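**Q** With the input below, show me the fold.
(2 chains)
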Amino acid sequence: MSIPPPSTAPTPQGPPAAVPLTPADAADAARLVSFGLQPKLPPARDADYAALLRRYQEEPPFARVADAVAGGLGLVVLEVSPRAGMAVAAAEDSVFAVRMGEYARRATAETTDRFLHGLAHLAVAALAFPRPADLADDDYLGRITVNGVESFVRHACERLAERAAERGENTDPASEEPGLEAAWRVYVRRSATGATKDARRLAGSTTGIVGKAVAFLADSGFLHRVGDEQGGTYRTTPRYQLQVRELATTAALTELTDLGLVPVSDGSGTLLPGDPDATDLADGAGLPFHR
Amino acid sequence: MPASASASARPAPGPAADEGLARRLRALACTAPLHDLDTRKANLAGEYARYAMAEVALAAIDLVTLAMDFDTGAEQEQVIARLLPRIAAQAPGRPVAEHRRVARWVVDNLINVGSVDRGFRAVYGTFGADGEYTRRDYDFKLIEEVQGPGGAVYLRTTDEAVNVLVGALDTDVTSAQIAAEVKLEVLVNRGRLADAQLAAEQARYRTVQYAETLRRTLDSTRRDVRAVDWLHTVPDMVDEALDHIADRYRHENAILTHIRHARDEAVDSDHKLRAAELVDIVRDCIRRHTQLQSRLLEAGPLFRAEQDRQAFAAPAARAGTDLYGQLLAPLLPTPVAEATRVTDAWFARGTGPRPPGAVRLTDLVEQLLTPPAPREHLGAELPEPDLVATPDDSRFSEAQLESATELLRLPPDAPRRLSGLLADARARDPELPHLIALLAAHAASPPVGTAYRQGERRLLFAVDDGTPLTDQDFGGADLVVGTALLDAAGMAAARTEENR
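**A** This is a model prediction of the structure:
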C-alpha cells in the first residue's frame, strides 16, 4: 500500500503548544493513519504503533493533525484507543470504500445476488451481536459460525414462508416485476449448499455467500478465525463492533426508515436463547439464539 | 422420653459414640415440654384447641431472652402482656380474659409451676465403658425465676433453653452445607473415616457451588449493574456468605485438628491413609473458603467501580440497536428491490477500508516481465543428521552370545543339567557361565506363545526336578535344560484355522 505523504497537512487552528508542529510530526500522523489502514495489526504487536497511539492520546495538536490527515484521505476516525488501535472507516465515495461490484462480480448484474451478499453481511453482524447490549458493551466479543449464520437466516425465512402459507397468501411474485418478490423468498429459493468438482464451497450457495462475507470480514480485521467447526468459527474484534455500531447500523436504519418501515425497539432485544431441544433448527448449526 | 432409642439392636458401641447420643437426647428433652403443651391443652377446661401452644411458648422464651440483661430478667406480667397480641391473633373471637389465661398457662408451664423443683426431668440411658446399660435422669429448666433488686421476681431463660430453643433450633435445617459439615464432624468423632471422606467431598462440592454463584453474580454486575439487585439481594448474600465462611473456617479447622489427631493416632494403615486424604480434602476446603472470602471482600469495591463506570459511561443512543429485531426481521418481508437498498447501505458502511492498489507503470512492467520463480518440487535439502555413536554398554559381547547359543543347541533327545552346562561354559570363558545361567533361567518359562505365532521349530526349555545346584558362583535348582521340537506344520495349520 502507499499513502501519499501529506506534506501540507492542514492544521486548522494554530496549535496552542509552545512548540509548533513540524513536517516530521505530520509524517508521524500520516504513519499513524497508515497503521490504521492495516486492521489486522494489533497495536500491542508494534512498538511504533503503540507509541504513536499514545502520542495521539496525549498531544491534542498531534491528534488534530492525524484526524486531518485521515479526513483528507477520505477516512472517518471511529476510535483511537489501545484496544482498537486507530480505527478508521472509509467515508462515502472514498477511494478506500469497497464497492459491491468489486466484492462480487455477479452482484453487478444480478440484483438477487447483490441482495444476498448484503444480507449475509447484515446477518453476520446480527448474530455476532445478538442482543442490543452486546453491541453497546465495549468488552463484548461475539462468536459466529458460517453454518450457524446460514441456518439462522434460513430458519427466519422459512418461518415467514410458513406464516404466509397459514394466511393463505400467494407469495409468488409477478413475472414482470421481479423486484416485488419478498426478500425472504430470494433466500429460500437459493440452495444452502451444493456439490462442486474440487470439494470447495459452492460460491453461489447461501453457505458460500456467508462464507465469503465472513472471510472478507476476517481479512478486514473485523473477525478473527478461531476454528474450523461449523464451516469456520470466528470471533469479533473491537473494530467490527465500532464499525457496526457507529456506521453500518445508522446507514441501514436510515434507509429502512426511508422505505417507510420504522422499527421500534424497547431496547431489550428480540432474540432469545434457543431451546436446545428445538427440533426445527438445523442440526449442529450452533445457533446461540432464535426467535 | 425416647430413652429406648439408644437400646437399639446393634451391640453396645464405645462410650465415645454414646456420648454424642446422650448429648442429643438431652437436647431433644429440652423440646419435650413444648410438645407437651400442645398435647395437654386438650385436658384444659374449655376450647383451647385453636391455640398453638408451642408457638406461644417459643415466643415467650424469645421475649424473656431478649429482656434479659446481666442483673435482672423479664417481668412475668410484661411477658404475658406482650404475648397477648399473638394469642389474640390465633383466636380472634375469644374473650381477652381467655387469652390472658392461655398466656399465663404457657408461662407457668414453662416454669413448670406444678412441680416441686420447678423444672423438668428426662430419663435416658447409656452404655458404660464395661458395656453395662445405665438409665440416667436429666434435670433441666427452661425458664427460671430469679430474685431481682427490690425483692421482685424476674424470669430468666436457662442456658438449656437458650442453647436448644433459641440457638440450635434456629438452624437452616434445609442447608445442605451445614448438614454435610455436621455429618462429617460426627463421623470423624466416631472413627467412621470412609463416610467422613465422602461427606468432606460433598462439603467441598457445596463450597464450589457457592463460589460459582458469587462468580456469576459478579460477572453480571460487570456486564450490567442493574441486572443484579445490589440494594438487598447481593449485600445480604455477601454478608451471609462471609458469616458462613467464618463459621465454616472455624468448623473445618476443628475438623482438621481432629483428623490430624485421628491420622496420627490411627493404627490401621487404611484408616491412616483415609485420614491423610481427608486432611487434604479439608485443607482444600479451607483454601477454597479463603479464596471465596477474598472474592467476597472484592465484591463491594467491584460494584462501586462498575457503578461508576456504567453510570458515567455515555448512555449513547447506540445502546438500543437490536440488529435482528430492528433491521433483519423487518427487512425479510419487504420486496427484494427495496431490501437491496438497505443491504447496500449496510455493505457500504459496514465494510472496512480497503487501500486501493497504487502501482507505478515501471513496477508493473517489471512485475509482468519477471519470469515466474521455478517451483521447488522437492522442497528444501535435508541437512545431514549429525549422528553420535552410542557406546556399547552390553553386559555380554556378540561372540559370547554366539558361544552360549551354540552350547545350548542341545539335541532334542538329550537334555542336560545346568551344572554340566556351567562347567562347560566355564572352560570356554569365565564370563560365559553367567550368561548360560541367565538363559537357562529364562528358559524355565519358555515363550511358547511367541514361538507358536512365529512358527519356530525348536524351543529351549528348563525344568526344575528338585535337585539343588552346587556351583561356586550360582545357587538354586539344578535345572534340566533341553530342546523341544515343535510341530511347525501343525501350528501353521492351527493358525490358519484361528484366523478364519
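
**Q** Quick one: neighbours of the nearest residue to A:Tyr140 once chain neighbours are set aside, just the number.
**A** Among residues not flanking A:Tyr140 along the chain, A:Asp134 sits closest, at 4.6 Å (Cβ to Cβ, 6 or more residues apart in numbering or on different chains). Every C-beta, even on glycine, is put in place using the N, C-alpha and C of the backbone. When neighbours are counted by other Cβ atoms under 10 Å in any protein chain shown, A:Asp134 registers 20.

**Q** Quick check: A:Asp134 touching A:Leu141?
**A** No: contact between A:Asp134 and A:Leu141 fails when scored by Cβ atoms under 8 Å: they sit 9.2 Å apart.

**Q** And the residue of the stretch 1-150 of chain B found nearest chain A, how far from B:Ala59?
**A** Per Cβ to the nearest Cβ, B:Ala89 is where the stretch 1-150 of chain B lies closest to chain A, at 44.1 Å. When distance is defined by Cβ to Cβ, to the nearest Å, B:Ala89 is 11 Å away from B:Ala59.

**Q** Which one's more surrounded, those two?
**A** Shown here are B:Ala89 and B:Ala59; by other Cβ under 10 Å, B:Ala59 has more neighbours (19 against 9).

**Q** so which strand or helix has B:Leu297?
**A** Per DSSP states H and E, B:Leu297 falls inside helix B:269-312.

**Q** So for that helix, mean pLDDT?
**A** Averaged across helix B:269-312, pLDDT comes to 78.

**Q** check whether that helix contacts chain A.
**A** No: shown here: helix B:269-312 not in contact with chain A (Cβ under 8 Å from any Cβ of the partner chain), separated by at least 9.9 Å.

**Q** Mind giving me the packing neighbours of that helix?
**A** helix B:193-223, helix B:233-265 (3 or more Cβ pairs under 8 Å, 6 or more residues apart in numbering or on different chains; DSSP states H and E).

**Q** next SSE after that helix?
**A** Criterion used, DSSP H and E; the element after helix B:269-312 is helix B:329-331.

**Q** Quick check: next helix or strand after that next one?
**A** Immediately after helix B:329-331, counting by DSSP H and E, sits helix B:336-350.

**Q** Now the single nearest residue of the stretch 101-250 of chain A relative to chain B: closest residue in space that isn't a chain neighbour?
**A** In the stretch 101-250 of chain A, the residue that lies nearest chain B is A:Gly118 (2.5 Å; Cβ to the nearest Cβ). With Cβ to Cβ, 6+ apart as the criterion, A:Gly118 has its nearest non-adjacent residue at 2.5 Å, and that residue is B:Thr343.

**Q** count of neighbours near that neighbour?
**A** 28.

**Q** One more: B:Val225?
**A** Residues near B:Val225, counting by other Cβ under 10 Å: 18.

**Q** contacting residues for it?
**A** B:Phe303, B:Glu306, B:Gln307, B:Gln310, B:Ala311 (Cβ atoms under 8 Å, 6 or more residues apart in numbering or on different chains).

**Q** And the residue of the stretch 251-400 of chain B found nearest chain A, how far from A:Leu259?
**A** With Cβ to the nearest Cβ, the shortest gap between the stretch 251-400 of chain B and chain A falls at B:Thr343, namely 2.5 Å. Here B:Thr343 is placed at a distance of 12 Å from A:Leu259 (Cβ to Cβ).

**Q** Can I get the lengthiest helix in chain A in CSV, CA atoms only?
**A** As assigned by DSSP state H, the longest helix anywhere in chain A is helix A:146-166. Listed next in CSV are the C-alpha coordinates belonging to helix A:146-166 (Å, rounded to 0.1, in the frame of the first residue of the first chain):
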residue,chain,number,x,y,z
VAL,A,146,-20.6,-19.9,8.9
ASN,A,147,-23.2,-22.7,9.1
GLY,A,148,-24.8,-21.0,12.1
VAL,A,149,-25.4,-17.7,10.3
GLU,A,150,-26.7,-19.6,7.2
SER,A,151,-29.2,-21.7,9.0
PHE,A,152,-30.3,-18.9,11.2
VAL,A,153,-31.3,-16.7,8.3
ARG,A,154,-32.9,-19.7,6.5
HIS,A,155,-34.8,-20.5,9.7
ALA,A,156,-36.1,-16.9,9.9
CYS,A,157,-37.1,-17.0,6.2
GLU,A,158,-38.9,-20.4,6.5
ARG,A,159,-40.9,-19.1,9.4
LEU,A,160,-42.1,-16.2,7.2
ALA,A,161,-43.0,-18.8,4.5
GLU,A,162,-45.0,-20.8,7.0
ARG,A,163,-46.8,-17.7,8.2
ALA,A,164,-47.6,-16.7,4.7
ALA,A,165,-48.9,-20.2,4.0
GLU,A,166,-51.1,-20.0,7.1
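
**Q** and after it, which helix or strand comes next?
**A** helix A:183-189.

**Q** That next one near chain B anywhere?
**A** Yes: using Cβ under 8 Å from any Cβ, we find that helix A:183-189 touches chain B at A:Ala183, A:Trp184, A:Arg185, A:Val186, A:Tyr187.

**Q** Contacts only, for the nearest residue to B:Gly482 once chain neighbours are set aside.
**A** With sequence-adjacent residues excluded and distances taken as Cβ to Cβ, 6+ apart, B:Gly482 is closest to B:Pro415, at 3.0 Å. Shown in contact with B:Pro415 (Cβ under 8 Å, 6+ apart): B:Val480, B:Val481, B:Gly482, B:Thr483.

**Q** per-residue pLDDT, the closest residue to A:Gly36 other than its chain neighbours?
**A** Residue nearest to A:Gly36 in three dimensions, not counting chain neighbours: A:Met86, with 3.2 Å by Cβ to Cβ, 6+ apart. Looking at A:Met86, its pLDDT is 91.

**Q** Which positions within the host helix or strand of A:Phe35 qualify as buried?
**A** Assigned by DSSP H and E, A:Phe35 falls within helix A:23-36. Going by neighbour count (16 or more other Cβ atoms under 10 Å in any protein chain shown), the buried part of helix A:23-36 is A:Asp25, A:Ala26, A:Asp28, A:Ala29, A:Ala30, A:Arg31, A:Leu32, A:Val33, A:Ser34, A:Phe35, A:Gly36.

**Q** and A:Thr233, backbone torsions?
**A** Phi and psi for A:Thr233, reported as degrees, to the nearest 10, are phi -110, psi 130.

**Q** Thought A:Gly142 was touching it, still the case?
**A** No: if you go by Cβ under 8 Å, A:Thr233 and A:Gly142 don't touch, sitting 11.4 Å apart.

**Q** just how off-centre is the helix holding B:Leu297 within its chain?
**A** Centroid separation between helix B:269-312 and its chain, computed with Cα atoms, centre = their mean, to the nearest Å, is 14 Å.

**Q** Skipping its backbone neighbours, what lies nearest A:Leu52 in space?
**A** In space, A:Leu52 is closest to A:Leu32, 4.3 Å off (Cβ to Cβ, 6+ apart).

**Q** Any figure for the gap between that neighbour and A:Asp25?
**A** 11 Å.

**Q** ditto for A:Thr236
**A** 34 Å.
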